[in-house]
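# could you work out the structure for the sequence below:
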Amino acid sequence: MHKEELLELHDEMVTIMEYFEQRENVDEDLFEAYHQLDVDPSHVHKSKSEHKHAVFVLGNALATAMSEDEFSAAGRVGKRMQELADDAESKI
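Below you'll find the model as predicted:
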């Protein structure tokens with residue numbers, strides 16, 4: 001995936017995150033790990049690896065927000081996103 005495509009995906013995922021942040025039944029700390037990264041789609045100067053890591057961290061949080069439990073489809077996606085985030089972080 002090219003960096004421009006990754007930035008576009010990152011931007012779309014942030015839009016979804018903002019939707020979940022406005023919902024009352026979503027834990028307000030759910031996206032804290034993503035916010036602590038301080039990497040958002042407008043930070044085009046950040047490396048592709050940093051954006052990739054942010055996308056996986058955000059993907060994990062989004063999957064968690066959508067999951068019933070860790071064994072649901074979204075829960076399994078969240079677990080995989082966490083594995084990918086850990087891998088991407090090791091390459092930064």
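# ok, V14 touching D40?
Yes. Assessed by CB atoms under 8 Å, V14 is found in contact with D40 at 6.5 Å. The C-beta positions use only the backbone N, C-alpha and C, and glycine is treated the same way.
# please, where are all the strands along this protein?
Per DSSP state E, the chain carries no strands over any range.
# who's the closest spatial neighbour of the residue nearest the centre of it, skipping the chain neighbours?
Central residue check for the chain by CA atoms, centre = their mean: the C-alpha nearest the mean position is that of L58, 1.1 Å away. Spatially, and ignoring its direct neighbours in sequence, L58 is nearest to Y34 (4.7 Å; CB to CB, 6 or more residues apart in numbering).
# what is the burial count for the one you found?
For Y34, the number of neighbouring residues by other CB atoms under 10 Å comes to 23.
# E83 too?
Burial of E83 is recorded as 12 neighbouring residues (other CB under 10 Å).
# check the one 5 residues further on too.
Neighbours of A88 under the rule other CB under 10 Å: 18.
# correct me if wrong: it contacts S49.
Yes. Under the criterion of CB under 8 Å, A88 makes contact with S49 at 6.6 Å.
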